[in-house]
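*Asks:* Prediction below, plus the sequence it came from.
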Amino acid sequence: KLGQATEVLSKLRTDLAREPDDIKPELADGQLALAATALETLTPLVPNTALAGLSAAMYRDVSGQQQRADDVGKLASRFVGKAAPEFKLTGLDRKPIDPELLKGKIIVLHFWEYQEEPLLEPYGQVGYLDFLYGKRRKLGVQVVGVAVDERFGKPDQFGPAARAAGRLKAFMNLAYPVATDDGTLLAKFGDPRQVGAKLPLWVVIAPDGKVAHYQSGLYPVHPDEGLKPLDELLIPLIRERRAAEK
């Protein structure tokens, strides 16, 4: 049984296709399904073996992530297909971001803690997002990063928070604008942290003002594909926008 359990774990490691240095605990939806399926085989094999504790820890982790995914799914159902909440954006310079920048566009709001330290993932995804913006901006896609930091709600702390976000923006050489949020705007769209999930939150708003996509967490990324899942969501919206313009 121990040998069979080891084979199950070895196969799962291969199927998850994680990079050797990938230590993020959160799994993508497909990876989570693979882990849950493996546990169905693993669990009856490990009682009274050295892998019993590992199996129990995996079960708790997978169950917790599945529950968070269900809760985020319920959040998404509140918004997808419905008119996006009204919102205004303020830049790192404290000035309002011109609403004309967003008018008639496909809007991608990327809520995350934009700050230079600690410089952890998903800052790499921010680079891919900027690349995607450069590729699709002429087709009517407008990306806005939203730096979520409660200090933006405190006049005496706004400056340090803005400088931290600004340094990351400069370090990554981001072409898209970064707005500020003390958590108020995020709450309008449903803060995934309230159900135990994590930022980033990705919200795509179609030109008609309706939410077309809602996702909490990281996209699976391959270096030669970038944010392919997000791009595949944008392409039909771009086509619909161009058809409406004709």
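*Replies:* Yes, it's here.

*Asks:* Please count neighbours and contacts with C-alpha atoms only from this point.
*Replies:* Will do.

*Asks:* tell me which residues of the helix or strand hosting residue 68 are tucked away?
*Replies:* Per DSSP states H and E: residue 68 is located in helix 52-79. Buried positions in helix 52-79, judged by neighbour count with 16 or more other Cα atoms under 10 Å: 52, 55, 58-59, 61-62, 65-66, 68-69, 71-72, 75-76, 79.

*Asks:* ok, now stretch 11-25?
*Replies:* By neighbour count on 16+ other Cα under 10 Å, the buried set for stretch 11-25 is 12, 16.

*Asks:* and residue 40, how many neighbours?
*Replies:* Residue 40 sits with 11 neighbouring residues when counted by other Cα atoms under 10 Å.

*Asks:* ugh, typo on my part, it should be residue 239
*Replies:* 12.

*Asks:* any idea which element it lies in?
*Replies:* Element membership for residue 239 (DSSP H and E) is helix 228-245.

*Asks:* From residue 74, how far off is residue 110?
*Replies:* From residue 110 across to residue 74, the span is 19 Å (Cα to Cα, to the nearest Å).

*Asks:* What of residue 87?
*Replies:* Counting by Cα to Cα, the separation of residue 87 from residue 74 is 22 Å.

*Asks:* Just the CA atoms of stretch 210-220, as CSV, please.
*Replies:* These are the backbone C-alpha positions of stretch 210-220, laid out as CSV (Å, rounded to 0.1, in the frame of the first residue of the first chain):
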residue,chain,number,x,y,z
LYS,A,210,-21.7,44.7,-17.7
VAL,A,211,-19.2,42.5,-15.9
ALA,A,212,-18.0,39.8,-18.3
HIS,A,213,-15.4,38.1,-16.1
TYR,A,214,-14.6,37.8,-12.4
GLN,A,215,-11.6,35.9,-11.0
SER,A,216,-9.7,35.8,-7.7
GLY,A,217,-6.2,34.6,-7.6
LEU,A,218,-3.4,33.9,-10.1
TYR,A,219,-3.7,32.8,-13.7
PRO,A,220,-1.7,29.8,-14.7
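
*Asks:* contact partners of it?
*Replies:* 28, 72, 76, 79-84, 122, 125, 192, 197-206, 227, 229-230, 233 (Cα atoms under 8 Å, 6 or more residues apart in numbering).

*Asks:* in the helix holding residue 239, what's buried?
*Replies:* Here helix 228-245 shows 228, 230-231, 234, 237-238, 241 as buried, counting by 16+ other Cα under 10 Å.

*Asks:* Quick check: residue 89 touching residue 177?
*Replies:* No: the criterion here is Cα atoms under 8 Å, and residue 89 misses it with residue 177 at 10.1 Å.

*Asks:* So between the two, which is more surrounded?
*Replies:* Legend: neighbour count by other Cα under 10 Å for residue 89 and residue 177, higher for residue 89 (18 against 15).
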